[in-house]
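1. this is a predicted model, with the sequence first.
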Amino acid sequence: MDASASRTDAGALQAWLEHEQPLQAMVRGGTLRIEVRPGDAGGEHMGSAWEVVLQIIGDVTTVATLAEYTQRAVRAWQDNRRRVEDGEPPRTLVEPLDPDED
């Protein structure tokens with residue numbers, strides 16, 4: 001999420017992702033964890049204040065498939081946020097992390 005994102009935005013996106021199928025099934029099955037972390041505001045990406053990280057715990061899907069599910073869910077969250085709150089939602093970037101990154 002970009003630097004305009006609040007902790008509330010990040011928590012709302014996390015909750016949205018945890019309730020989106022098929023991500024919900026993976027969370028309930030214990031093969032996927034979704035958490036909010038402070039971002040790297042000075043990093044090479046968008047300079048995010050918050051990151052919502054999806055961590056694969058089991059061998060359930062490919063990274064590309066998970067990224068596709070996540071991108072669709074993020075777009076749905078943004079559309080919903082536009083309907084229920086004033087202003088534009090934070091910009092987001094869905095990308096796989098380096099396996100060595102935490």
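-> Structure received.

2. in this protein, which spans are strands?
-> Counting by DSSP state E, the chain has strands at residues 32-38, 50-56.

3. which elements pack onto the last one?
-> Contact partners of strand 50-56 among helices and strands, from 3 or more CB pairs under 8 Å, 6 or more residues apart in numbering; DSSP states H and E: helix 7-19, strand 32-38, helix 63-84. Quick note: C-beta positions are derived from backbone N, CA and C, even for glycine.

4. including distance to T92, mean pLDDT and mean neighbour count, could the ones you listed go into JSON lines?
-> Formatted as JSON lines, these follow (distance: least, CB to CB, whole Å; pLDDT from 0 to 100; neighbours: other CB atoms under 10 Å):
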{"stretch": "helix 7-19", "distance to T92": "8", "mean pLDDT": "95", "mean neighbour count": "17"}
{"stretch": "strand 32-38", "distance to T92": "13", "mean pLDDT": "93", "mean neighbour count": "15"}
{"stretch": "helix 63-84", "distance to T92": "5", "mean pLDDT": "92", "mean neighbour count": "14"}
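
5. I'd like these as TSV, with distance to V52 appended.
-> Below are the helices and strands packed on strand 50-56 laid out as TSV (distance: least, CB to CB, whole Å):
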stretch	distance to V52
helix 7-19	5
strand 32-38	6
helix 63-84	9
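
6. closest to W50 out of these?
-> Closest of these to W50 is helix 7-19, at 3.7 Å (criterion: CB to CB).

7. no further questions, thank you.
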